[in-house]
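J.: give me coordinates for this.
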Amino acid sequence: MSDFRIIDHTAEVRAAMDKALDKALEMCGLKAEGYAKMICPVDTGNLRKSITHTSGEEQTEYIGTNV
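T.: Take a look at the predicted model:
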């Protein structure tokens, strides 16, 4: 019989998946922010300029404004 060993890479795979998910969510947030700015009514432009996105807890993105 040949010797072999099993190496557990679960932690590395999960970390890579979390990193990829964070990057994908950031891209979605940017895209959603762009869409929100596109459909926003413009009078002075203040509302459109104030639309942003932020990353939240539990792998979420928030798109909104404080105006």
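J.: for this structure, which spans come out with low pLDDT?
T.: Scanning the chain for pLDDT under 70 picks out the ranges 1.
J.: could you pull out the helices in it for me?
T.: 10-39, 46-50 (DSSP state H).
J.: same list, those helices, but as CSV with distance to residue 65 and mean neighbour count please.
T.: Every C-beta, even on glycine, is put in place using the N, C-alpha and C of the backbone. Output for the helices of the chain, formatted as CSV (distance: least, Cβ to Cβ, whole Å; neighbours: other Cβ atoms under 10 Å):
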stretch, distance to residue 65, mean neighbour count
helix 10-39, 8, 12
helix 46-50, 4, 14
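J.: out of those helices, flag the one nearest residue 62.
T.: helix 10-39 (7.9 Å; Cβ to Cβ).
J.: packing partners for the closest one?
T.: strand 52-56, strand 60-64 (3 or more Cβ pairs under 8 Å, 6 or more residues apart in numbering; DSSP states H and E).
J.: tabulate the ones you listed (JSON lines), appending distance to residue 2 and mean neighbour count.
T.: Formatted as JSON lines, these follow (distance: least, Cβ to Cβ, whole Å; neighbours: other Cβ under 10 Å):
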{"stretch": "strand 52-56", "distance to residue 2": "48", "mean neighbour count": "13"}
{"stretch": "strand 60-64", "distance to residue 2": "48", "mean neighbour count": "14"}
